[in-house]
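J.: Next input, structure requested:
(chains A and B)
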Amino acid sequence: MNKETLKKIIMPLLVFAVLIQVWSGIAIIVEDFPTPSDTYVAAFGGINSEGDELEGVLSDPFYVENQDDKGVFWQILASLKRVFGGFALAIIVGVPIGLLIGMSKTAQYAFDPFIQIFKPVSPLAWLPLLLFIFQDINLTAISTIFITSIWPIIINTALGVKNVNEDYLNVAKVLQFTALEKVIQIILPVAVPYIFTGMRLSLGIAWLVIVAAEMLTGGIGIGFWIWDEYNNLNYHNIIIGIIIVGLVGFMLDILMGKLADFFDYRKKA
Amino acid sequence: MSTDEFLKLEKIRKAFPLPNGEEYVAVVDVDLNIKKNEIISIIGHSGCGKSTLLNMIAGLDAQTQGNICLEKREIKGPGPERAVVFQNHSLLPWLTVYQNIEMAVKKVMPELDAKELRARIEKFVSMVNLDHAKDKYPGEISGGMKQRVGIARALSIKPKVLLMDEPFGALDSLTRANLQEHLMRIQQKVQNTVIIITHDIDEAVLLSDKVIMMTNGPEATIGEVLEVDLPRPRNRVELQSNKEYTRCRESILSFLYEKFAKDDE
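T.: Here you go, the predicted structure:
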C-alpha cells in the first residue's frame, strides 16, 4: 500500500475519532443526549449503558409489524420512491424546457425571470400549497420534489446547449439537417454531460427535500421516521436516521456520477 | 452549359451592423467567375474578408448585396453540394472517424443500402489513408489526421464545390506539406472545383490554377487575379527552380508586401 492510500484511510479515521470525542462531550453536557456507544447499541443491538439488552433498529431493517410499523429499509424505500417520482418528472419536464431555452433567445427571455424567482423558494414554502391542492401525502411529496429539483436541470441543460460549438452547427447546416436531426445528432451529445450535472444537483436537492417534506406530511418514509422517533423520545434513533440519510445521499451521488461518466463522450476517447 | 458559368459571384457586398448603429463594410464589388474543376486560392492579409467570402459561397452567411450563382441557380443557404472543410476540422468528438463520415453520407445519400453505404465510407477513409484509424475518436488522432478526415467527409458527399477555409492553417509546416500532397493526389483522382482560403503564398501557388488576391479591409475587394500556368502533377521540390513558379510567388509577394502591405496592429 502506498503512502497516498494510507493517508486516505488514516486521515478520515482521525477525524472520526475527534467527532466521537466531541459527541461524547455533548452527551455529557446535554441531559438525556445519547452517547456514541448507546447509539451504536440502538443501531445494531447489544447491551446499553443501563444494562438493558436491546434489539437494534438495523438488526432487522426488513420487519413489517403492521401498516404503521415497518423496518428502516421500508422507510428508506418509501422515501426513495417519492424522490425518484419527483426527480423523473423534473427530468421529463426540465430537459425539453432547458433545450428550448438554450436554443432560442426568445424562450430564454420568456422563462428566465420566473426561473430566477422560483429557484430560491424553499420546499417548505411550496409544501402547504401543494398539500392543499392534492390532499395526498405521496402526491404532495412528489410534486414538492418536482418543483424544487427541476431548476438545476433546466439551467444546466440550457447551459449545455449554449456550449455547442458553432462549427458543429455549421456542419449541420451544410448537411441540411432538420431541426430534429440537429437536436438529436449534434445538440444532445454535447448537452448530455451538462444535463447529467444538472440531474446530479437535482437528485441531491430531492434527497434533501424528502426528509423535510415527510416530517410535515407524515405516514411512512425516513423523514417521518426521524420525526416519529423524536416524538417517541428515541433520540439515538435521530442520530441513526441522520447517518442513514447521509449514506443514502452519498450513494445516490456516486451512482449519478457513474451514470454521468458513462454518457459523457469526453470520458471515452 | 458553358463551363464559364459554373460558380459566379456578382457585385458582392457584405456589411456587418455595428453596436453603435453604423456598419462595418467587409467586402465590396466582388466579381468572380470560377470554372468547373478549377482550383482557386483566395489570399490576403487577415481581415481582408476572405473567410467572409467563403462563408457566403457556402451559404452560412448572407451577402448584403449581389448574387452568387452555382450552375445558374442562386445560392440561398447552405447545402451539401458546397461542402466545407473548416479550419478547426469540426469533427464531432463523440463519433469515430468512420461515424463522422457516415453521418454525412447517410444524410446526403439516403438512397444507399447498408452495403453501398459501407463501401462509400470506406472508399473515402482509404482515400485519405486512414484505414488504420477509422475506429478512433477525433481526440485520439493528430491534427493532420483530423483535417484529413474533414476532407474525406467533405468529399464523401459528392460536392460540386469543395470550400476550404484555411484548411491547413493550424498545422505545423511539415504536416501541412503532407496534407497539400494528399489534396493534390486526391484532386487528380476526383476532379473537383475547389476554393481554398489561405494566407500562405507557397500553398496558393502550389495548389491553384488561379490565385485571387484581396486588398485590405474594410471595403476589401479583389485586387489582382493571377493565373498559375504550371503543369500537373506538381512537385514542390522541382518547382523551386521553375521560372513560372518564381514569377507567381514574386507577383503575390509584391502584391501583399508592396502594394497592400499591412502593419501588424
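J.: and the closest residue to chain A within the stretch 151-265 of chain B, how far is that from B:Glu203?
T.: Taking Cβ to the nearest Cβ as the measure, the stretch 151-265 of chain B has B:Ile157 as its residue closest to chain A, at 7.4 Å. For every residue, glycine as well, the C-beta is placed using N, CA and C. The gap separating B:Ile157 from B:Glu203 is 24 Å, by Cβ to Cβ, to the nearest Å.
J.: How about A:Tyr183: what's its closest non-neighbour residue?
T.: Actually, residue A:183 is Val. It isn't Tyr. Nearest non-adjacent residue to A:Val183, counting by Cβ to Cβ, 6 or more residues apart in numbering or on different chains: A:Leu99, 6.8 Å away.
J.: err, B:Leu155, not the other one
T.: Using Cβ to Cβ, 6+ apart, the closest residue to B:Leu155 is B:Phe124 (6.0 Å).
J.: do B:Pro17 as well
T.: The shortest distance from B:Pro17 to any non-neighbouring residue, by Cβ to Cβ, 6+ apart, is to B:Glu23 (5.3 Å).
J.: is it true that that neighbour touches B:Lys14?
T.: No - checked against Cβ atoms under 8 Å, the pair B:Glu23 and B:Lys14 is beyond contact range at 9.9 Å.
J.: more neighbours, these two?
T.: Shown here are B:Glu23 and B:Lys14; by other Cβ atoms under 10 Å in any protein chain shown, B:Lys14 has more neighbours (23 against 13).
J.: if we can go back for a sec, mind pulling up the pLDDT for the residue nearest to B:Pro17?
T.: If you check B:Glu23, the pLDDT there is 90.
J.: Next: the one 3 residues further on.
T.: pLDDT for B:Ala26: 89.
J.: residues contacting it?
T.: Counting by Cβ atoms under 8 Å, 6 or more residues apart in numbering or on different chains, B:Ala26 touches B:14-16, B:49, B:52, B:217-220.
J.: Of these, which ones also sit close to chain A?
T.: Subset of these in contact with chain A: empty, counting by Cβ under 8 Å from any Cβ of the partner chain.
J.: Mark which of these are part of strands, please.
T.: In strands, defined here by DSSP state E, the members of the contacts of B:Ala26 are B:14-16.
J.: Please, where are all the helices along chain A?
T.: With DSSP state H, the ranges of helices along chain A come out as A:3-29, A:36-44, A:72-103, A:105-118, A:123-134, A:137-162, A:166-174, A:179-182, A:188-217, A:222-231, A:235-263.
J.: for the stretch 151-265 of chain B, same thing?
T.: Secondary structure of the stretch 151-265 of chain B (DSSP state H, counting those that start in this stretch): helices at B:173-190, B:201-207, B:236-239, B:243-254.
J.: related to what we said a few turns ago, might one say that the residue nearest to A:Val183 is in contact with A:Ala191?
T.: Yes - applying Cβ under 8 Å as the test, A:Leu99 and A:Ala191 come out as touching, 7.2 Å apart.
J.: shared neighbours of these two, anything?
T.: By Cβ under 8 Å, 6+ apart, A:Leu99 and A:Ala191 have these common neighbours: A:157, A:161.
J.: the more surrounded of these two?
T.: Between A:Leu99 and A:Ala191, A:Ala191 has the larger neighbour count (other Cβ under 10 Å), namely 25 against 21.
J.: contacting residues for that one?
T.: A:98-99, A:102, A:157, A:160-161, A:163-164.
J.: B:Gln147 versus the closest residue to the residue of the stretch 151-265 of chain B closest to chain A other than its chain neighbours, what's the distance?
T.: Leaving aside its sequence neighbours, B:Ile157 sits nearest to B:Val108 (Cβ to Cβ, 6+ apart; 4.1 Å). Taking Cβ to Cβ as the measure, B:Val108 falls 20 Å from B:Gln147.
J.: what does chain B put close to chain A?
T.: B:58-60, B:77-80, B:82-84, B:86, B:88, B:90, B:92-94, B:103-104, B:107-108, B:137-140, B:157.
J.: Looking at those, which are in helices?
T.: B:58, B:103-104, B:107-108.
J.: Go ahead and confirm B:Val97 touches B:Phe124.
T.: No - counting by Cβ under 8 Å, B:Phe124 is not a contact partner of B:Val97; they are 10.3 Å apart.
J.: Am I right that A:Ile210 is in contact with A:Lys81?
T.: No - with contact defined as Cβ under 8 Å, A:Ile210 does not reach A:Lys81; the gap is 9.9 Å.
J.: quick one on the thing from earlier: going by how many neighbours each has, rank B:Val97 and B:Phe124 and give me the top one.
T.: B:Val97 (28 against 22).
J.: Now do the contacts for that one.
T.: B:Val97 touches B:91, B:125, B:130, B:133-138, B:141, B:149, counting by Cβ under 8 Å, 6+ apart.
J.: all strands in the stretch 51-200 of chain B, in order from the N-terminus.
T.: B:65-70, B:73-74, B:82-85, B:161-165, B:193-198 (DSSP state E, counting those that start in this stretch).
J.: ok, A:Leu252 - contacts?
T.: A:203-204, A:207.
J.: That one and chain B, how far apart?
T.: Distance, A:Leu252 to chain B, by Cβ to the nearest Cβ, to the nearest Å: 26 Å.
J.: Show the model's pLDDT score for that residue.
T.: Reading off the model, A:Leu252 has pLDDT 94.
J.: what about residue 101, how many neighbours?
T.: By default, I'm working from chain A. Neighbours of A:Ile101 (other Cβ under 10 Å): 24.
J.: look at chain B instead
T.: B:Ile101, neighbours per other Cβ under 10 Å, totals 29.
J.: And B:Gly169, by the same measure?
T.: 16.
J.: wait, it sits on B:Glu203?
T.: No - distance between B:Gly169 and B:Glu203: 9.5 Å, which falls outside the contact criterion (Cβ under 8 Å).
J.: If you rank the contacts of B:Ala26 by neighbours, which is first?
T.: B:Gly49 (27 neighbours).
J.: Start and end of stretch B:196-216, how far apart?
T.: Stretch B:196-216 has an end-to-end distance of 18 Å (Cα to Cα, to the nearest Å).
J.: got the residues of the stretch 101-250 of chain A near chain B?
T.: Counting by Cβ under 8 Å from any Cβ, the stretch 101-250 of chain A sits next to chain B at A:165, A:167-168, A:170-171, A:173-177, A:181, A:185-186, A:189.
J.: Dump the residues you listed into JSON lines; add pLDDT and neighbour count as well.
T.: Converted to JSON lines, those look like this (pLDDT from 0 to 100; neighbours: other Cβ atoms under 10 Å in any protein chain shown):
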{"residue": "A:Asn165", "pLDDT": "89", "neighbour count": "14"}
{"residue": "A:Asp167", "pLDDT": "89", "neighbour count": "16"}
{"residue": "A:Tyr168", "pLDDT": "93", "neighbour count": "20"}
{"residue": "A:Asn170", "pLDDT": "92", "neighbour count": "18"}
{"residue": "A:Val171", "pLDDT": "93", "neighbour count": "27"}
{"residue": "A:Lys173", "pLDDT": "93", "neighbour count": "17"}
{"residue": "A:Val174", "pLDDT": "93", "neighbour count": "29"}
{"residue": "A:Leu175", "pLDDT": "93", "neighbour count": "23"}
{"residue": "A:Gln176", "pLDDT": "93", "neighbour count": "14"}
{"residue": "A:Phe177", "pLDDT": "94", "neighbour count": "18"}
{"residue": "A:Glu181", "pLDDT": "93", "neighbour count": "14"}
{"residue": "A:Gln185", "pLDDT": "92", "neighbour count": "20"}
{"residue": "A:Ile186", "pLDDT": "93", "neighbour count": "21"}
{"residue": "A:Pro189", "pLDDT": "91", "neighbour count": "19"}
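J.: quick one: which of those is nearest A:Phe33?
T.: A:Phe33 lies nearest to A:Pro189 out of those, by Cβ to Cβ, at 53.3 Å.
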